[in-house]
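Participant: below is the sequence, then the predicted model.
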Amino acid sequence: KQEVTQIPAALSVPEGENLVLNCSFTDSAIYNLQWFRQDPGKGLTSLLLIQSSQREQTSGRLNASLDKSSGRSTLYIAASQPGDSATYLCAVRGRGNEKLTFGTGTRLTIIP
Amino acid sequence: NAGVMQNPRHLVRRRGQEARLRCSPMKGHSHVYWYRQLPEEGLKFMVYLQKENIIDESGMPKERFSAEFPKEGPSILRIQQVVRGDSAAYFCASSPPGETQYFGPGTRLLVL
């Protein structure tokens, strides 16, 4: 059974700093891994999707890496802004099935 | 192209009543997924449906919960005889076959 863990559960950093969020998963037989953003009381916004054959994906100030063999992914946010404050969720899709297994998220607060 | 639509956005029910949650997938998407987010927890997969078929219901509670995706109309998640523990955010996602899931804004269910 796939389990996804995100550390830390909460993180506060001053505006302008670079930061890294971590995600680990127990079963390396994944199809892809996805990072989402969730604002309070809102739905999920997909940020980056990494296929199992890829090592990283970039979008603007965001960079996600994937090390399938060690069961880890990181989301790097450069030059953080107050608007980046949200909960960040990591989700993996296993091979042979369609469902996503989510981590419990990292609640990020950027201090102006 | 409108995104995934869910209604109602907020639903209040008293214990013992029925809750019906609706999800209209994005145009051209034939696959629908339901996830539940309990307070302070991550999203958990409930069920995966294609038109007129339940493909994977491994995350559905054994009793009181059912889901359908008819040939015409939205997908429905139905919860009979609701209890306080059913209070949660219920998210629907849709996708074309084998592709990325797009999430709706969720329905917040509160059971009094």
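Facilitator: Received, thanks. These figures come from a predicted structure and were not determined experimentally.
Participant: quick check: A:Gly105 vs A:Trp35, distance?
Facilitator: 11 Å (C-beta to C-beta, to the nearest Å). Glycine gets a C-beta too; all of them are placed from N, C-alpha and C.
Participant: and for those two, which residues touch both?
Facilitator: Shared contacts of A:Gly105 and A:Trp35, defined by C-beta atoms under 8 Å, 6 or more residues apart in numbering or on different chains, comprise A:88-90.
Participant: output the residues you listed in JSON lines; the columns should cover pLDDT, neighbour count and distance to chain B.
Facilitator: Shown next, in JSON lines, are those (pLDDT from 0 to 100; neighbours: other C-beta atoms under 10 Å in any protein chain shown; distance: C-beta to the nearest C-beta, whole Å):
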{"residue": "A:Tyr88", "pLDDT": "97", "neighbour count": "22", "distance to chain B": "12"}
{"residue": "A:Leu89", "pLDDT": "96", "neighbour count": "27", "distance to chain B": "7"}
{"residue": "A:Cys90", "pLDDT": "97", "neighbour count": "28", "distance to chain B": "9"}
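Participant: can you flag which of these belong to strands?
Facilitator: A:88-90 (DSSP state E).
Participant: TSV for the residues you listed, including distance to B:Met46?
Facilitator: Output for these, formatted as TSV (distance: C-beta to C-beta, whole Å):
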residue	distance to B:Met46
A:Tyr88	22
A:Leu89	16
A:Cys90	19
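Participant: closest one of those residues to A:Ser24?
Facilitator: A:Cys90 (8.7 Å; C-beta to C-beta).
Participant: quickly list what the closest one is bridged to.
Facilitator: Per DSSP bridges, the residues bridged to A:Cys90 are A:Trp35.
Participant: contact partners for it?
Facilitator: Counting by C-beta under 8 Å, 6+ apart, A:Cys90 touches A:4, A:6, A:21, A:23, A:33-36, A:73, A:75, A:102-103, A:105.
Participant: next: B:Lys51.
Facilitator: By C-beta under 8 Å, 6+ apart, B:Lys51 lies in contact with B:30, B:69-71.
Participant: got JSON lines for these, with neighbour count too?
Facilitator: As requested, the contacts of B:Lys51 are exported to JSON lines (neighbours: other C-beta atoms under 10 Å in any protein chain shown):
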{"residue": "B:Ser30", "neighbour count": "13"}
{"residue": "B:Phe69", "neighbour count": "24"}
{"residue": "B:Pro70", "neighbour count": "11"}
{"residue": "B:Lys71", "neighbour count": "6"}
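Participant: can you pick out the most distant pair from those residues?
Facilitator: Counting by C-beta to C-beta, the most remote pair of these is B:Ser30 and B:Pro70, 12.5 Å apart.
Participant: for chain A, which residues are neighbours of chain B?
Facilitator: By the rule C-beta under 8 Å from any C-beta of the partner chain, the part of chain A lying against chain B is A:4, A:34, A:36, A:41-44, A:46, A:49, A:89, A:91, A:97-105.
Participant: buried among these? Make that a PyMOL selection.
Facilitator: Remark: buried members of the residues of chain A next to chain B, expressed as a PyMOL selection using 16 or more other C-beta atoms under 10 Å in any protein chain shown:
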select buried, chain A and resi 4+34+36+43+44+49+89+91+98+99+100+101+102+103+104+105
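Participant: in strands only, show me the residues of chain A next to chain B.
Facilitator: Per DSSP E, these map to strands at A:4, A:34, A:36, A:44, A:46, A:49, A:89, A:91, A:100-102.
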